[in-house]
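pasted the sequence and its predicted model underneath.
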There are 6 protein chains.
Amino acid sequence: MGKVVVFGEVMMRLSTEEHLRFCQADKLQVTYGGGEANVAISLSNFNIKTAIVSRFPNNDMGDACIKSLRKFGVDTSHVLLGGQRLGIYFLETGADQRGSKVVYDRDNSSFATMTPGMVDWDRVLEGATWFHWSGLSAAIGENPTKVLAEGVQEAHKRGITISCDVNLRSNLWNYGKQPNQVMPPLVAMCDVIFGNEYDAEHAMEIDVGRDNRGKFSNESFINTSGMVMRKYPRVKSIVTTRRGSINASHNTLRALMFDGTMLHETSTYSITHIVDRVGGGDAFTAGVIFGMLQWPANYEKIINFGIAASSLKHTIMGDANLVSLQEVEDFMK
Amino acid sequence: MGKVVVFGEVMMRLSTEEHLRFCQADKLQVTYGGGEANVAISLSNFNIKTAIVSRFPNNDMGDACIKSLRKFGVDTSHVLLGGQRLGIYFLETGADQRGSKVVYDRDNSSFATMTPGMVDWDRVLEGATWFHWSGLSAAIGENPTKVLAEGVQEAHKRGITISCDVNLRSNLWNYGKQPNQVMPPLVAMCDVIFGNEYDAEHAMEIDVGRDNRGKFSNESFINTSGMVMRKYPRVKSIVTTRRGSINASHNTLRALMFDGTMLHETSTYSITHIVDRVGGGDAFTAGVIFGMLQWPANYEKIINFGIAASSLKHTIMGDANLVSLQEVEDFMK
Amino acid sequence: MGKVVVFGEVMMRLSTEEHLRFCQADKLQVTYGGGEANVAISLSNFNIKTAIVSRFPNNDMGDACIKSLRKFGVDTSHVLLGGQRLGIYFLETGADQRGSKVVYDRDNSSFATMTPGMVDWDRVLEGATWFHWSGLSAAIGENPTKVLAEGVQEAHKRGITISCDVNLRSNLWNYGKQPNQVMPPLVAMCDVIFGNEYDAEHAMEIDVGRDNRGKFSNESFINTSGMVMRKYPRVKSIVTTRRGSINASHNTLRALMFDGTMLHETSTYSITHIVDRVGGGDAFTAGVIFGMLQWPANYEKIINFGIAASSLKHTIMGDANLVSLQEVEDFMK
Amino acid sequence: MGKVVVFGEVMMRLSTEEHLRFCQADKLQVTYGGGEANVAISLSNFNIKTAIVSRFPNNDMGDACIKSLRKFGVDTSHVLLGGQRLGIYFLETGADQRGSKVVYDRDNSSFATMTPGMVDWDRVLEGATWFHWSGLSAAIGENPTKVLAEGVQEAHKRGITISCDVNLRSNLWNYGKQPNQVMPPLVAMCDVIFGNEYDAEHAMEIDVGRDNRGKFSNESFINTSGMVMRKYPRVKSIVTTRRGSINASHNTLRALMFDGTMLHETSTYSITHIVDRVGGGDAFTAGVIFGMLQWPANYEKIINFGIAASSLKHTIMGDANLVSLQEVEDFMK
Amino acid sequence: MGKVVVFGEVMMRLSTEEHLRFCQADKLQVTYGGGEANVAISLSNFNIKTAIVSRFPNNDMGDACIKSLRKFGVDTSHVLLGGQRLGIYFLETGADQRGSKVVYDRDNSSFATMTPGMVDWDRVLEGATWFHWSGLSAAIGENPTKVLAEGVQEAHKRGITISCDVNLRSNLWNYGKQPNQVMPPLVAMCDVIFGNEYDAEHAMEIDVGRDNRGKFSNESFINTSGMVMRKYPRVKSIVTTRRGSINASHNTLRALMFDGTMLHETSTYSITHIVDRVGGGDAFTAGVIFGMLQWPANYEKIINFGIAASSLKHTIMGDANLVSLQEVEDFMK
Amino acid sequence: MGKVVVFGEVMMRLSTEEHLRFCQADKLQVTYGGGEANVAISLSNFNIKTAIVSRFPNNDMGDACIKSLRKFGVDTSHVLLGGQRLGIYFLETGADQRGSKVVYDRDNSSFATMTPGMVDWDRVLEGATWFHWSGLSAAIGENPTKVLAEGVQEAHKRGITISCDVNLRSNLWNYGKQPNQVMPPLVAMCDVIFGNEYDAEHAMEIDVGRDNRGKFSNESFINTSGMVMRKYPRVKSIVTTRRGSINASHNTLRALMFDGTMLHETSTYSITHIVDRVGGGDAFTAGVIFGMLQWPANYEKIINFGIAASSLKHTIMGDANLVSLQEVEDFMK
C-alpha cells in the first residue's frame, strides 16, 4: 500500500482534567490535534505510511507539535516552518448533562497564513496513493483554500485517490465566503466524500428540495447521495456517521455508506462511558480509508471497520485514535 | 435586583481524587464549601450580587477560604476573623455501589464560637433584598443559633425576603436541643422554605398524623405543605427535591413546589454519570432563589430552572455550582 | 478466629492513569498485588489475622512490596528475601468498549525461583486455621509447585482447612506441564474449591462428558461439582462467580456455591461504573473465606457476603479490596 | 490610604512543571499575570485597595482571568469585555545553567485592540490616589498607547500620583514606533519612575554621552537620574533594581533610588534557590509603591521594603507576589 | 536488642506541593507524623522493634494513620481508638528566603483527651528495653501529661532506659502550666536527655546564671549539662544539635553530646538543597538511640551516626526518616 | 553530514517524582533511555540524522519505546521486534547528601537475547558515516557482544568512523567474561574513544604501571592515552570527563581530550542545582561526536561544545539531552 498524504491545520489542544471547568483548572493537558492529522495518526497506527502537509511556527510550540506527530509515525518532513503561531483550542470535557465546551483561539495561525506556492507538491505527492483533506481548511481563509486547491489539483492530476471530509461547521466560516462558493470545485475532484445531507446542501450546492430540508433518514441519505454523485461524477462513495447524543457521557453511533448503487449500514453502537469523543469522526474516516485500501470492494467490512474504530476512539484521551489494527479487529469479533 | 445575603459556616473540604479511599490517598483536593456559601456562589454565577456573613480564623486557612469565595464573586467584607479554626470535612467520593463517605471535623470552628452582637447587621443588610439561611447553622450550637436568630429578625424587621433550607441532618444536632425546639420561631419569619415532610415533622412541629409518617408522595407533600403554611402564615412557597439513588454514580432527581394553592412538579432527570453530587441541593436552592427574583410568578419556570441547575451541578467537582445563567438556559432547551 | 495463611506471588502493578493507553502514559501508578495477597489484605480488612508466604528480592522493590502488605495488616515476617526481581505486570485500564490490557513481565521472579526447603512451614503454620493457595502458583514452574505442595501437605497434616482458587489461565502455563498433571494431588487435600466447570475439566481431571463441554449453567455447575466431590472426597464446598461483561465499564456478577447437597445462588449484581475490576474474584474469595469462618453453616449468607464484597471491590483502585466488614454489611442491607 | 489603579494587559501564563522542557510537557500550569496586574495583586496583599483597567475577551478564558484577579482582591469592575482573545505566554522554567524560556503568543489580544474612548476614566479614577502603568502597554501598538495616554492625562489632571515602570524590552516594540517617540510625553506626567540608564537613553530621550553608554554604576545612575529629573521636572524619584544572574537558580539583587538629591541603596541579596523569578521586578515596584504610601519620606525603608518583597517573590510560583505585609516585615528583621 | 516504645501524639500533616503557598494549593499532600512516631519509624528502618502508645479517633483518619505507621513497621497494637479527631498540622514548605510555615489545628484531638488509666502499661512495656517521650506531650494539657507520667513511672519502675526529647516550643504550652512546673519530675527519671541550654533553663529548672542566659557555646553546653546532671543524677547523657539556618533551603548542622565527663562533637554538615527539614531533629534522636543500643560506649560513633541520619532526613519528604542502617553507614564513609 | 548509527539497549526508566524514596512513590515517571540511544537523541536535536539498532519486545512496552525514540527523531526502522521483555531500571533521584539510587531489572531483555545474524547490517549501515557503541553492550552477555562485534566489523569494513564509550561498570559484567577479554579487539577498530585511565587499564589491557594505578591527573591521562594509541593505532582521539561530586545536587564537570599530540582541556563547570544527572556523560559524547562532524580539526571547540551540552543536560529530566544546537551555542557565549 502506498502513502496517504493529508493536508490540514494542527492545533495545540489544552484540555481540563477530570471534567473540571475552565475556571477551576490550574493545569491543562497538552495534546496536538486537527481533523486531518487525526486521520494520519490513526492510519499510521494501522501500519499505513502517512505524511502531513501543514505549517507550524518556528518556535517551541511548532517543534513540540512536530515531535508529537512524529511519535505516532506521521512523516513531518513536509511541514513548513514559519508564521506567527500555532492555533490553539481549549477543551473542557463535559460529563453527563453538561456538554463539552470548546473555545477556539486559532486566528492568524501559521497555517492560516500559508500562501500558494509555498508547498513543493512534487516532493509531497511522490509515492502517494491517497490524498485526504477536509472542509476545515477551506473555512479558514482565502489563502489556505488556494493552497488546498493546489494540493487537490496536483493530486487529481497524478491520479491519486482523493477523499474529503466535508465537516461543515458554519461558525468557523468567517472570512466572507460561503461553503457553496468554495467547496464545489474541490469536491468535484474527489473519489470519496465523508458528509451528510446537510453538507450536501450547504457545501456541494445540492438542492434537496423544500420538503427534504433537515431530514436525516436512510432514504434521504440515499437520495442526496445520488444527487451528489450525479453532480460530481468522480465521487464513488459517500459515507457518514449518525450520532445520537443521549448525554455527554453516552452516545450512540452508526454509519451509512452509499456506493452509487446501494446503501450499506452498520448496526448501532451504544457508547455508555465516553472518555473523549473529540476525533470520533476522524477515527471513522481513518477506518474507512484503511478499509478502502485493504478491502476495496467490501463495503460492509469497510464501514464496520470504520465504526468499530470510531467506537474505540471514544475511550481514548486526545484527538487521535491510538488503537492498532489488531485491536480493532479483535473488537469487531 | 438587589443583593442576596447568606449566613452560614464555610468549611475546608478535603476530598480524595479519582474515587480513592481515604487510606489510599496521599493527596487530598482542597476546596471550600458550605450549604449557604454554595448558594451564594451559584447566585453570583447567575450575576446576582451576593454577600456572606460568617466567621473564619485569622490564619492562612481563613485567608484561603476568603480568597476562594471572592474568586467566585461573593462579597466577603462581612466575614469576621477570629476563633480557633476553620471547620473541615473529609470526602471520599464513592462510585457505583460504594457510597460517598463524609467525615466531619468541624467542632470548635470559628463559626461555632460566634456570639451574639458580633455581626453589624445594619451594615450587612444594607441594600439586601433576600436573606438565606439553613438549618445547618441551628444544628451547631446555641451561640450560632442566637446569631442566626439576630440575622433572621433583623432581615424580617427590614422586610427582606427570607428563605430557609431546613436541611435536617439529625446526626449533626449534638448540643442537646432538638430541631423542633429551635427552628419554629425562625421558620415563622420565612417566606420560602426548602424542606420536605420529614423536615416539617421534625423541625417545624407539624404533626402529619400517625398514618402519614415516613410517607413521601405528591399528596403527602401537598398536605404537609398546607399544614406548614397554616402554622406559619408568612411562608408562601415550599419547595423540595426528590432524589432517587440508583447507585453512587446514578441518581434521579425531580422537584416539587407548593405555592399555597397548587403543586408544581418537574419531570424526572436521570443523572447517569455523577461527577460530584455534594451541593446538588444547594444548586437547586440557588436556582429557585434566582428564579423567584427573575420570574416571580412563574412557578413552573422557577423549579424547572432550579432542577436544571441542580442536574448540571452533579457534573462539577466541588461543592458549588459553577454554571452560568446562559448554560442553565441552554440546557433547559 | 485463627490465622489465615496464604501462599503466592506478589507483583508490582504498574497501571496507567485515567484510561490512558500505555504509549500515552508518562506516569504509571504503583501498587502491589497478587491473587493470594489480595485475599489476605481483604481478610485483614475484615479483622482476620493473616500472613503471607512468598519471596521478594532483597532490594527496594521487595522492601516497598513488604511495606505495602504490612500497611494493610498482613504479617510479612514469613516473606523470604532473595532472588533476582519482583515480578511486574503492566495494566492499562480500559473503558467502555475497550477492554483492559495486561502485559506480564514476571519471568525469573524471586517467587519463581523458590525451591523446596526454603520455607520453615512449622513456623509459618503455627496458629494457622486456614491455608489458601491458587492455581497461579502451580502455573509458574516446577519449583514453585514443589514449594506449594510442601505447604499444602504440611497444612493438611496439621488439619488446617485448605482452600484453592483454581484460577486457570492457560496462557500462564508455560513450563511444559498441564494443569491436569499438577493440580489433582493438591486439590485432593482441599476443603474448599473456587472454580467452575472449565477448571474442573482442565485442572481436576473431571470428564464432564462430550455433550457438556463449554456449558456454564446452574445445572452443569451442580453436576460438575458433584463429580469433583466424588473424585476428591475431602472437598466440601465448590464456589464460583459468574461474570457477564457488557463492556469494560459495566459487568454483571453473581455467585454459585454447591455444598455437596444443594446449590446456593446469589442474585445478580449490575456494576455499571467499574473503577477497577482487577481482584474482583479475589475479593469474592476473601468474602467467602470470611463467611465460612464467621457463619460456618450459613451458605446463603456466605456467598451473599462474598458477592457483596466483590461488587464493592470493583469501585476501588488497585488489586485489593479495601473495605471493612461494616461496609460490606451496610451494603448488604 | 486611597485606591491604586493600574492599567495594563493580563495574559494567560502556561508554564511547564518541574523544569520540564516544552516538548516534554503533557501538562501546563495555568496562572494569569502581567506587569501591572502583578503590582496590583501584590499591593492587595499589603491591604491596599486596587483596581485594574484592562480588556479581556468575553469567553471562559476572560472569565477565568477575572476570577483569578478577584481572588487576590483586585477590583475587576473596570475590566472591559470584548475583542478576540486573551494574550498567552508560554514559560519554561529553567534551572541552573539553562535559562528560563518565554514564548509570547499575544498578538491581537483584546487588550491590543482597545481603542480610545472605551474606558470611562471618571468612574475608574474616582477615589484613586495612585495610577500605575508601564512601558509594556506602549509597546503593543498605537491604540493601546492612546488609551494609556488618556489614562495618564486623566490621572495627571486629577493630581493623582503617577508611577511608570519603563520596563523596556526592545523585542516587544514591533509596530513601527521607537520608545523614544512614544514614551517622553507620558513620562513627563509621572512622579515616580522605575527605570535605569538604558531606559533613560532609549525611552526618555536622555543622551548619557558617548563615554557613558552601557555603563551601570551607582555613579551613572545618579548622573542619569539627574538628567531625567532636569528634563522631566515632575519626576521626583527614580528607582531601579540591579540583578546579577549567576545562573537560572541563583541571582543577586539590590536596589537603587535617587530622590533628586542623594542615592539610597540597599544591601545585596543573594537568592540561591529561585522557584520562579518572573514578576520579581513587579514585586519590587509594588513594594516601593506601598512604601511610598506608608512611609512617604523614608527612602531607605521604602527601597529596603521593596527589595525584601522582591526577594520573597523569587520563592513563589506564578507572576504575582503572594506575601503579606507581615511576612515582608518579618523577613526584613 | 529489645523493643523501643514511644509515647506521643501523631498528626495528619497536610502540606503544599512544590513550595506553593496555602492560598495557591488545590491539593495537599497527606502524611502522618509526630515527634515520637518519627523516632519510632526511623528506628524501625534500622531494624529495631518499635511500638507506639497513642490515641486516634475511631474513624477513617485514625485508620489511615495506623496503616501509615504499620507500613513502616511500627507496632500499632497499643494505639487506643476513641475521642473526636486526629490532630492536623498544615505545612507550607518554604524555599530560600521564605521560611516554612506551620499552622496547627490540633486542639481536642483524641490524644489530647486521653486520661490516666486508659493505657495498659503492663502489656505495653512487656519486652521493652527503651522508652522514649518528648516535651510535646506535656505541652498539650494536664491529662496527657498525667498519662505520660504514668508511662515514665512504669518504665522507670521496670528499669527500662528512658529518653526525653525536651523539644520546648513555648507557643504550644497553652493550658496554664509552665514547663518548669511539669517537666522536672519526669526528667528526673530519664537516662538520656535531648535538649540544650534553653531547655535546661525553662524546662529543667536550671539557673544558668544571669550572665549565661541565651548563650549557646560548647562551653555553655558543658556547664549547663553538668548542672542538669547534678540536679538529675539519673541523667547520663545530654545531647543536642546546633542548627545554623542560612536560609530555608540551606542549613548547617552539628551535634554535641556530654557524657558527664567530656564533650563529644561532630563536624558541621552543610545541607545545601533541603527537601524537607521537618523531623530533622527526630531523625537525630532516632540515630542516637540506635547508636546507644548498638555501640553503647562509643559516644563519637553515636552522635556521628545521629547527625548523619539527620542530614539524610533533610532530603526526604515527610516527617519521618526513611533511610536504612546501610544507607546511613554508607553516607558516613 | 551523513547518518550516525548507534547500537545498544534501550530500557524503560521508572523514576520517582520530586526526590521521593521508592517506598513512598505511588507513581513512577516513565521515560526510555540507554547510553547509545541518549547519544542518538541528542544528535537528532542537533539536526544530525540518526538511527538505532536494538531489539525490543513485540508488546506495548516495546511499542511505547519506539514511539519515544521516534518522537525525538531517531530512525527506529532497524529496531528488531522479539524476545521477552524490555529491560527496566528504577531510579530514585537523590538530593543533596543522599545520592541517586538505581535498581536494574534488565536480565533476559529482548536486547540481551539478540543473536548473531539477526541484524541486516548492509541495510543498517547504508548511508552511515559514523557508528557509535559502548561497553555497556559488551557487559550484557556473549550473544549481544557477538552482535556488537558484527556491527563494529561491518562498520570498519566500510570505512565508517567508529566511536566507543567504554563506560566500564564492573557491577554490570556478570556473565563470566572480563572486559579485558572482550573489549580489546573491538576497541582496535575505533577512531574515537570515550574513556579514562581506569577504562584503559581494565578494558583495553593497558598496564599503567604499579605506581600509576588509581591516578587521575592531566598527566596520567596524557600518558595513558599515549599508551592506548600505541597499542591501538587506529584510535586518534581519547576523550573523557572529570566529574567532581560535591553532593547529589551539586557537581563540577570538565573534559579532557588527547589528540595524539597534545591535551585539550575545558574549564570547570559548577552545576549547582542538578535536576537529573543521568545521561550527562552521553550528552557529552553526543556533543563531541557532533563537534567532530562539524568542526573536525577544532579540538578546543569540540570538547567545549561537549561539556556545555553536558552541563545543560543536568537541568533536564530524563536520560536524554533535549537541547538544540542553538541553545548550546547560546550557552557557550
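Yes, it's here.

tell me which parts of chain A are close to chain E?
Residues of chain A lying close to chain E by CB under 8 Å from any CB of the partner chain are residue A:26. (C-beta placed from N, C-alpha, C; glycine too.)

contacts only, for the residue sitting nearest the centre point of chain A.
Among the residues of chain A, the one closest to the centroid is residue A:35, at 3.8 Å (CA atoms, centre = their mean). When the contact criterion is CB atoms under 8 Å, 6 or more residues apart in numbering or on different chains, the partners of residue A:35 are A:8, A:134, A:136, A:165, A:167, A:281, A:282.

hmm, the first one is touching residue A:37, no?
Yes: with the criterion set as CB atoms under 8 Å, residue A:8 and residue A:37 qualify as a contacting pair; they are 6.4 Å apart.

those two: who's more crowded?
In terms of neighbours (other CB atoms under 10 Å in any protein chain shown), residue A:37 is the more surrounded of residue A:8 and residue A:37; the figures are 28 against 24.

OK, contacts around that one?
Counting by CB under 8 Å, 6+ apart, residue A:37 has contacts A:6, A:8, A:10, A:52, A:54, A:69, A:74, A:319, A:320.

in a markdown table: those residues, plus pLDDT.
Formatted as a markdown table, the contacts of residue A:37 follow (pLDDT from 0 to 100):
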| residue | pLDDT |
| --- | --- |
| A:6 | 98 |
| A:8 | 98 |
| A:10 | 98 |
| A:52 | 98 |
| A:54 | 98 |
| A:69 | 98 |
| A:74 | 98 |
| A:319 | 98 |
| A:320 | 98 |
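
of those residues, grab the buried ones for ChimeraX.
To isolate the buried subset of the contacts of residue A:37 in ChimeraX, counting by 16 or more other CB atoms under 10 Å in any protein chain shown, use the following:
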select /A:6,8,10,52,54,69,74,319,320
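
in stretch A:43-52, what's buried?
A:43, A:44, A:45, A:46, A:48, A:49, A:50, A:51, A:52.

from those, which is closest to chain E?
Sorting the buried residues of stretch A:43-52 by how near they are to chain E, with CB to the nearest CB, puts residue A:45 at the top with 34.2 Å.

wait, isn't that closest one in contact with residue A:325?
Yes: counting by CB under 8 Å, residue A:45 touches residue A:325, with 7.5 Å between them.

phi, psi for residue A:263 please.
Backbone torsions of residue A:263, given as degrees, to the nearest 10, read phi -90, psi 140.

actually residue A:10, not the one I typed
Per degrees, to the nearest 10, the backbone of residue A:10 is at phi -120, psi 130.

show me what contacts residue A:162?
Contact analysis of residue A:162 by CB under 8 Å, 6+ apart lists A:130, A:131, A:132, A:133, A:152, A:155, A:156, A:189, A:190, A:191, A:192.

mind checking the SS state of residue A:63?
Secondary structure for residue A:63, judged by DSSP: H, G, I helix; E, B strand; the rest coil, is helix.

quick one: which two of the buried residues of stretch A:43-52 are the most distant?
A:46 and A:52 (15.9 Å; CB to CB).

residue in the stretch 51-200 of chain A with the shortest distance to chain F?
residue A:71 (3.6 Å).

okay, that residue and residue D:24: tell me how far apart.
Remark: distance between residue A:71 and residue D:24 (CB to CB, to the nearest Å) = 12 Å.

verify the stated contact: the residue of the stretch 51-200 of chain A closest to chain F with residue F:66.
No: assessed by CB under 8 Å, residue A:71 is found out of contact with residue F:66, at 9.2 Å.

can you list the residues of the stretch 151-300 of chain A near chain C?
Going by CB under 8 Å from any CB, the residues of the stretch 151-300 of chain A near chain C are A:269, A:271, A:272, A:273, A:274, A:275.

residue A:247 versus the fourth one, what's the distance?
As judged by CB to CB, residue A:273 and residue A:247 stand 11 Å apart.

now for the two: what residues contact both?
Common neighbours of residue A:273 and residue A:247, using CB under 8 Å, 6+ apart, are residue B:273.

compare the two (neighbour count), which wins?
residue A:273 (23 against 18).

ok, now which ones touch the more buried one?
For residue A:273, the contact set (CB under 8 Å, 6+ apart) comprises A:249, A:250, A:315, B:273, C:95, C:96, C:247, C:249, C:250, C:273.
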